[in-house]
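Participant: Predicted structure and sequence below. I'll ask about it afterward.
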Amino acid sequence: SSMATEVMEEKGQAFDSRKAEALVRDLRSRFEDGRTRSYEWRVFQLKAIARMVKEREKDILGALMTDLSKPELEAFVTEISLTKSACKKAISELKAWMKPEKVKTSIITFPSSAEIVSEPFGVVLIISTWNFPFLLSLDPLIGAISAGNAVVLKPSESAPATSSLLTKLLEEYVDGSAVRVVEGAVPETTALLEQRWDKILYTGSGRVARIVMAAAAKHLTPVILELGGKCPAIVDSNVDLEVAAKRLMGGKWTCNNGQACIAVDHIITPKSFAPKLIEALRAGVEEFFGKNPTESQDMSRVVNRYHFARLAKLMDEDGVSEKIVFGGERDEGKLRIAPTVLLDVPGDSQIMQEEIFGPLLPIVTVDKVEDGIALVNSRPKPLAAYLFTKNDLLKQQFVQRVSAGGMLINDTVLHLTVPGLPFGGVGESGMGSYHGKFSFDAFSHKKAVLSRGFVGEINTRYPPYTPKKQRL
Ligand code: NAD
């Protein structure tokens, strides 16, 4: 392009299709020159990311404070240290991951050798979201780089401080000729989605996932969709109540204040047990956040006015607002909503239809705890399902009969920290998975390679198909 167009571009002209096309062309030629394929390039980038997280921890925590008022300790545990450990694991295991995997051959090809070679897809797109804006950008990026791809990351416009920090930091630390960040909202993402990518990983809502998948279909691009849903927690009466209550709170109010894809969306519990559970939650909330939870600094705020209004509407619906058993306080100016528990809201109310994604926690009562399983199965498949019980038979039934992206018994959220477990949804909660080696595999094509020499020729496979050959 001419000097004039370059100058215009520098003046901050919108990122449109033409720019998106040029970007992908650029990255594709970079990928094709082979640079991203070497073990050395990959490890160098991963080490740079690890260094970046360590050296710029304060800036990252600051951005998360700006975007979400995320308490430092919570941000450290859920964003910084999970990113660090994903990076560390990739660095220490990459060599083994990259090794072709030998497989057995059969008599038909004897003598021969066969192996599965992991090759990078090429140029990949990662579209991420605002709730864990650092982790959910870097975790997939670590996978894409480990697998040797050139990458574009599109962070979320709803976490603007983190997005612009990511742009700045990645420019500074990693190879900008193969790893790029594009900030922006719908128009920019639309321009990106028009291009031909070799793989797309999208994290966000099912509504936008349909747009992403339709755009990908035009180019036959495979997608990984990391979505959400209404994650249930079935709570039996046969539990250690105090521990169960704390862990339920850990999967709601101390987990980005419920704004997490695997946050507890609602609780299902026997009618006779609900009063005890509510009391334990009420006591727990006071212990964690004091008498005025909307003043507490130990809880993230609601991300923005749009989501605040959405949550307020869920609480205020006729038939729902009178079901609040505690909480309900809100401070619109500070975008704060107190932990709020509701008991037996109508099944057809909006709060029981859409993913809550905030501090509201409906409790649904059933006659027997086993009825909870049928109730969960009557809804779209969630990203996570939780069960609290000491009853082994119930645990077994839960694992066998409930379909969910992942499940966790007697705790919440922590399954995401086990790198040996794939993280991803099923049905409405998404497709494909990542984390640990699954991230490497998610961004690698598994190429089947069979190799023979020139001996072992058997002529029966070729014409003419004489009667003698046919008898064999
Ligand atoms: P969202 O889908 O509205 O936005 C996510 C991304 O999509 C952003 O980068 C945004 O720019 C882009 N986008 C928005 N509208 C678009 C359009 N019309 N065309 C193209 N791109 C568009 O989702 P959200 O509100 O940011 O996230 C909430 C959802 O994400 C919840 O459902 C939650 O459960 C899910 N989630 C899933 C995971 C997971 O790992 N599975 C993690 C976090 C959040």
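Facilitator: Noted; the coordinates are in hand. Residues are numbered from 1 along each chain as shown.

Participant: residues near the closest residue to Ala50 other than its chain neighbours, how many?
Facilitator: Nearest residue to Ala50 in three dimensions, chain neighbours excluded: Cys87, at 4.4 Å (Cβ to Cβ, 6 or more residues apart in numbering). Heads up, the C-betas are built off the backbone N, CA and C, glycines and all. A count of neighbours around Cys87, defined by other Cβ atoms under 10 Å, yields 26.

Participant: Quick check: Cys87 touching Val53?
Facilitator: Yes. Using Cβ atoms under 8 Å, Cys87 is in contact with Val53, at 7.0 Å.

Participant: Now list whatever residues contact both of these two.
Facilitator: Leu138 (Cβ atoms under 8 Å, 6 or more residues apart in numbering).

Participant: Kindly report the residues of the stretch 101-250 of the chain close to the ligand.
Facilitator: Residues of the stretch 101-250 of the chain lying close to the ligand (Cβ under 6 Å from any ligand atom) are 127-131, 136, 154, 156-158, 185-186, 189-190, 203-205, 208, 211, 226-228.

Participant: go on, the stretch 351-472 of the chain?
Facilitator: Counting by Cβ under 6 Å from any ligand atom, the stretch 351-472 of the chain comes close to the ligand at 355, 357, 383, 425, 430.

Participant: Spatially, what comes nearest to the fourth one if we skip its sequence neighbours?
Facilitator: Among residues not flanking Gly425 along the chain, Gly405 sits closest, at 3.9 Å (Cβ to Cβ, 6+ apart).

Participant: who's in contact with stretch 313-326?
Facilitator: 278, 281-282, 285, 328, 339-346, 349-351, 354, 356, 358, 360, 362-363.

Participant: Residue ranges in this structure under the pLDDT threshold?
Facilitator: 1-12, 472 (pLDDT under 70).

Participant: Just want the residue of it that's nearest the ligand.
Facilitator: Using Cβ to the nearest ligand atom, the single residue of the chain nearest to the ligand is Gly228, 1.8 Å away.

Participant: Now that residue: which helix or strand?
Facilitator: Element membership for Gly228, per DSSP states H and E: none, as it lies in no helix or strand.

Participant: Tell me if I am right that Leu125 is in a strand.
Facilitator: Yes. Leu125: assigned to a strand according to DSSP: H, G, I helix; E, B strand; the rest coil.

Participant: ok, it - contacts?
Facilitator: Contacts of Leu125 by Cβ under 8 Å, 6+ apart are 151-152, 154, 192-193, 195, 197, 199-201.

Participant: Am I right that Ile268 is in contact with Cys231?
Facilitator: No. Using Cβ under 8 Å, Ile268 is not in contact with Cys231; the gap is 11.3 Å.

Participant: more crowded one of the two?
Facilitator: Cys231 (29 against 22).

Participant: Verify the stated contact: that one with Val264.
Facilitator: Yes. Applying Cβ under 8 Å as the test, Cys231 and Val264 come out as touching, 6.1 Å apart.

Participant: shared neighbours, those two?
Facilitator: Shared contacts of Cys231 and Val264, counting by Cβ under 8 Å, 6+ apart, come down to Tyr386.

Participant: Thank you, goodbye.
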